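Undergrad: Predicted structure and sequence below. I'll ask about it afterward.
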Amino acid sequence: MKLIFTLAAITFLSIQVDLPKKLRKAYIFVPSGNVGINDEKLAISSFYMAKAEVTNGQYNAFLDWLSENGTEEEQMLARIRNENWIERYQTPGEKYAEYYHIHEAYQDYPAVNVTYEGAMLYCNWLQTQLNEELDDQSVVVRLPSHAEFISAGAGESPKSSYAWGDNYLREPDGNFRANCLIVLQQQITRDEGGYPKIVQPIRIDGAHQGSVDLTAPSESYYPYSHGFYNLNGNVAEMISEKGVAVGGSFQDYGRDIRLQSRKAYEGSACDVGFRPVIAIGEQ
């Protein structure tokens, strides 16, 4: 069966309906509401969104299906660009290029180095499965808009920049709330002109204190807002606007992992992943 990129027009409902059992724990309902973005107030219809970034294990299951049922063109579009690890990190990246997306230790980590087209094919694959299971509903699976991403992360605090509701990057007990670059006081000095200078900024994986990797598992840290993991940091996430990823990544500083943060990517990247949205309406 050939997958397509076009999504059918649908009338969305602002109600919560039952998802198939296998998805009930993986997707979270976000009610309709209003979101402020770029000085504009937008009305958002209700939707479901994956509580965590798509993992290597989930994307590999899709690739396995595609190898049996997809066209050569689709397989090329969906393939993981592991060469990005080497281009970005040179020699240290060689092990990531070889193991990151296939080794059992990384199956719960976010799928990265995926193109926008690959993410869309994944959404269409899941959409086909859901429409076969939900006889009395019409389902669209897609990437979220930036406004929907903010709505999922802000929860009941529409002006919030972070899913945890305040501007502190640490919990009261000192643990970090996100996987991002951290600047500690001992890393700040002055240059010869007397201006502040950052020396060797570090990234602390608060999900595993003392054990730092580039990415953290998709379900790590505390599930903030409606119950979503890693809306801030870990990997920046694709949205429906091609070439734009939001929420920041392990390579970004605290201000650049805000819900409102946007970064450009070209093709695919080591620090960019995605999570789908499910919108359900009447046939």
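TA: In hand now; what should we look at?
Undergrad: isn't Met120 right up against Gln127?
TA: No - under the criterion of Cβ atoms under 8 Å, Met120 makes no contact with Gln127, lying 10.2 Å away. Where C-beta positions appear, they are placed from N, C-alpha and C, glycine not excepted.
Undergrad: what sits in contact with each of these two?
TA: Common neighbours of Met120 and Gln127, counting by Cβ atoms under 8 Å, 6 or more residues apart in numbering, are Arg142.
Undergrad: okay, those two: which has more neighbours?
TA: For Met120 versus Gln127, the count of surrounding residues by other Cβ atoms under 10 Å is larger for Met120: 24 against 21.
Undergrad: sec struct for the more buried one, please.
TA: Three-state assignment for Met120 (DSSP: H, G, I helix; E, B strand; the rest coil): helix.
Undergrad: pLDDT on stretch 90-109, on average?
TA: The average pLDDT within stretch 90-109 is 93.
Undergrad: Alpha carbons only: can I get it in PDB?
TA: Taking Å, rounded to 0.1, in the frame of the first residue of the first chain, the C-alpha atoms of stretch 90-109 are listed here in PDB:
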ATOM      1  CA  GLN A  90      33.700  13.400  13.900                       C
ATOM      2  CA  THR A  91      35.500  10.400  15.500                       C
ATOM      3  CA  PRO A  92      33.300  10.200  18.700                       C
ATOM      4  CA  GLY A  93      30.300  10.200  16.400                       C
ATOM      5  CA  GLU A  94      31.300   7.000  14.700                       C
ATOM      6  CA  LYS A  95      30.000   4.800  17.500                       C
ATOM      7  CA  TYR A  96      26.700   6.700  17.500                       C
ATOM      8  CA  ALA A  97      26.400   6.300  13.800                       C
ATOM      9  CA  GLU A  98      26.900   2.500  14.200                       C
ATOM     10  CA  TYR A  99      24.800   1.800  17.300                       C
ATOM     11  CA  TYR A 100      22.500   4.700  18.300                       C
ATOM     12  CA  HIS A 101      19.400   3.700  16.300                       C
ATOM     13  CA  ILE A 102      19.800  -0.100  16.400                       C
ATOM     14  CA  HIS A 103      21.400  -1.100  19.700                       C
ATOM     15  CA  GLU A 104      19.000  -2.400  22.300                       C
ATOM     16  CA  ALA A 105      20.300   0.100  24.900                       C
ATOM     17  CA  TYR A 106      19.000   3.000  22.800                       C
ATOM     18  CA  GLN A 107      15.600   1.700  21.800                       C
ATOM     19  CA  ASP A 108      13.800   4.000  24.300                       C
ATOM     20  CA  TYR A 109      15.800   7.000  23.200                       C
END
